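Participant: with the input below, show me the fold.
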Amino acid sequence: MAADKMAAQTFLRQLYYGHTVKARIFRYALLFFDLVTIGYFIVSSMIDPNRTHHELDYVIAAVLTLDFVARLIAAARPGRYLFSFTSFADLVVIFSLVAPAFLENFAFLRVVRMLRLMRSYHLLKELREASSWFRRNEEILQSGINLMVFIFVVTAVVFVVEHDLNENINNYLDALYFTVTTLTTTGYGDITMSDSVGRLMTVLIMIFGVALFLRLVQTIFRPAKAHYPCPDCGLSRHDPDAVHCKHCGRVLNIPTEGTWE
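Facilitator: I've put the predicted structure just below:
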């Protein structure tokens with residue numbers, strides 16, 4: 001029994017963390033599945049959050065459960081993995097998929113599946129190892145994913161809080177529209193919060209969310225920096241074509257691949 005368990009653990013570790021062609025194909029297949037499920041959760045929450053047929057949800061839940069158990073077995077420290085935020089997010093998503101079989105189909109259960117967006121960070125790790133173009137543009141892509149996760153998580157909170165209280169927020173798309181107009185300080189005024197909880201939430205979005213939103217947008221559109229610690233002062237961010245450190249003037253020799261634009 002112990003030998004079988006050890007063999008299974010070795011096999012799974014090779015699949016999830018190995019560098020063979022088979023392991024990479026397996027991980028890319030999982031990444032594709034992650035992207036498809038993320039897209040499905042977003043679109044289904046926007047179009048029909050109260051639908052009554054859940055067959056596809058149960059299939060996805062079964063696959064996610066198998067993936068979760070396999071990762072738990074393959075983990076070097078199962079306890080640490082079990083209590084990680086990524087693991088918690090996966091468990092919440094799995095619960096939201098199977099809950100309608102036992103409970104009333106609350107619309108907000110479909111919205112908490114936006115936590116699946118957290119799996120997108122695994123995509124960054126794989127692409128970092130596989131693509132030199134990605135390594136050159138990693139900061140911009142990372143900020144783009146952070147921005148997407150931030151917007152959809154805030155939208156999920158708005159929908160969960162307001163869909164039963166505000167007649168103007170009838171679906172996830174309405175909540176997304178309100179969130180984006182608030183974060184961009186556009187404020188058309190066609191959707192407003194009439195209850196105290198909604199107004200307090202809007203204040204928090206404006207105070208904290210706008211600042212973070214603008215910071216993420218700035219990171220996406222500003223020129224990319226090269227990560228090269230200066231041997232003298234330690235400044236780690238420089239222009240890709242920098243010859244001298246802007247802080248101390250030290251001559252730099254930043255390695256490039258001849259493809260900076």
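
Participant: now do the strands in the stretch 151-261 of the chain.
Facilitator: Taking DSSP state E, counting those that start in this stretch as the test, the strands found in the stretch 151-261 of the chain are 226-227, 237-238.

Participant: could I get the pLDDT score of residue 179?
Facilitator: Note on residue 179: pLDDT of 90.

Participant: ditto for residue 118
Facilitator: 61.

Participant: residue 8 in helix, strand or coil?
Facilitator: helix (DSSP: H, G, I helix; E, B strand; the rest coil).

Participant: that one reaches residue 70, doesn't it?
Facilitator: No. Under the criterion of CB atoms under 8 Å, residue 8 makes no contact with residue 70, lying 9.0 Å away. For every residue, glycine as well, the C-beta is placed using N, CA and C.

Participant: settle it for me: which of the two has more neighbours?
Facilitator: Remark: of residue 8 and residue 70, residue 70 carries more neighbours, 18 against 13, as counted by other CB atoms under 10 Å.

Participant: please identify which helix or strand holds that one.
Facilitator: Assigned by DSSP states H and E, residue 70 falls within helix 55-74.

Participant: quick one: list the elements packing against that helix.
Facilitator: helix 2-17, helix 21-47, helix 78-82, helix 85-98 (3 or more CB pairs under 8 Å, 6 or more residues apart in numbering; DSSP states H and E).

Participant: any idea of the mean pLDDT in the shortest one?
Facilitator: Put plainly, it is helix 78-82. 83.

Participant: name the stretch among the helices and strands packed on helix 55-74 that sits most buried.
Facilitator: When the helices and strands packed on helix 55-74 are scored by mean count of other CB atoms under 10 Å, the highest mean neighbour count falls to helix 85-98 (a mean of 17).

Participant: show me what it is packed against.
Facilitator: Here helix 85-98 touches helix 55-74, going by 3+ CB pairs under 8 Å, 6+ apart.

Participant: give me the residues contacting the helix it packs on.
Facilitator: 8-9, 12-13, 15-17, 30, 33, 37, 40, 78, 81-82, 87, 90-91, 93-94, 97-98, 100-101 (CB atoms under 8 Å, 6 or more residues apart in numbering).

Participant: cool, and stretch 198-209?
Facilitator: 150, 154, 157-158, 161-162, 165-166, 179, 182-183, 185, 193.

Participant: dump those to a markdown table, plus distance to residue 245 and neighbour count.
Facilitator: Shown next, in a markdown table, are those (distance: CB to CB, whole Å; neighbours: other CB atoms under 10 Å):
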| residue | distance to residue 245 | neighbour count |
| --- | --- | --- |
| 150 | 33 | 17 |
| 154 | 38 | 25 |
| 157 | 43 | 19 |
| 158 | 45 | 27 |
| 161 | 48 | 19 |
| 162 | 50 | 23 |
| 165 | 55 | 12 |
| 166 | 53 | 20 |
| 179 | 41 | 25 |
| 182 | 41 | 21 |
| 183 | 36 | 23 |
| 185 | 37 | 10 |
| 193 | 49 | 21 |
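
Participant: do you know which of the helices and strands packed on helix 55-74 lies nearest residue 243?
Facilitator: With CB to CB as the measure, helix 21-47 is the member of the helices and strands packed on helix 55-74 nearest residue 243 (38.2 Å).
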